[in-house]
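Asks: Pasting the sequence and the predicted model now:
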Amino acid sequence: MSQIPQAAIALAKRFEGFERKVKRGIEITAVPYICPAGFWTIGYGHLCDPKHSPITEAEAEVYLARDLQSALAATLRYCPVLATEPESRLAAIVDFTFNLGAGRLQTSTLRRRVNQRDWTAAGQELRRWVYGGGKVLPGLLARREAEISLLDTKV
């Protein structure tokens, strides 16, 4: 199993956050909420049932690791060139896949640009994925710019 790039973990945590915290006794837990794109989510952007029981930050970390592992596997399946590129580029596309799902990567022009190693065009494609519920979301704008900055690095 491949290692999840640290930059992908950092991006996911930065843009997802440990949301909808509730104090239960001495524990801080997260409860399900509807994300800006309209999906039931818990912890660090983990898709869930609306009746999901509250989770601790440690449990959210376990979900995040699993979700990122799935995103990493899908990213390498659809963009095999990333296996030999700098880890920062892999991290950028893993974060995209984690955020939007493997299906979106699979059918995207972004995938073609990555596999062509056309990093400028890949960055332009990332800028197209900033809509949620039919409108531009500031959080997605910031997230895509953070991913683009990782694509542009050589390390």
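Replies: Received it, and whenever you're ready, just let me know what you need.
Asks: which of the residues in the host helix or strand of residue 104 are buried?
Replies: Under the criterion of DSSP states H and E, residue 104 resides in helix 102-106. For helix 102-106, the neighbour count (16 or more other Cβ atoms under 10 Å) marks 102, 105 as buried. In this view, the C-beta of every residue, glycine as well, is placed from N, C-alpha and C.
Asks: One more: stretch 120-131?
Replies: For stretch 120-131, burial by neighbour count (16+ other Cβ under 10 Å) applies to 122-123, 125-126, 129-130.
Asks: Would you mind putting the CA coordinates of it into PDB?
Replies: These are the backbone C-alpha positions of stretch 120-131, laid out as PDB (Å, rounded to 0.1, in the frame of the first residue of the first chain):
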ATOM      1  CA  THR A 120       0.000  24.400 -16.500                       C
ATOM      2  CA  ALA A 121      -3.100  23.000 -18.200                       C
ATOM      3  CA  ALA A 122      -3.800  20.700 -15.200                       C
ATOM      4  CA  GLY A 123      -3.800  23.800 -13.000                       C
ATOM      5  CA  GLN A 124      -6.200  25.500 -15.400                       C
ATOM      6  CA  GLU A 125      -8.500  22.400 -15.100                       C
ATOM      7  CA  LEU A 126      -8.400  22.500 -11.300                       C
ATOM      8  CA  ARG A 127      -9.600  26.100 -11.400                       C
ATOM      9  CA  ARG A 128     -12.800  24.800 -13.100                       C
ATOM     10  CA  TRP A 129     -13.800  22.700 -10.000                       C
ATOM     11  CA  VAL A 130     -14.900  25.500  -7.700                       C
ATOM     12  CA  TYR A 131     -18.700  25.100  -7.800                       C
END
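Asks: The lowest-mean-pLDDT helix or strand in the chain: partners in the sheet, and parallel or antiparallel?
Replies: The helix or strand of the chain with the lowest confidence, counting by mean pLDDT, DSSP states H and E, is strand 21-24 at a mean of 74. Strand 21-24 sits in its sheet next to strand 27-30 (antiparallel), going by DSSP bridges.
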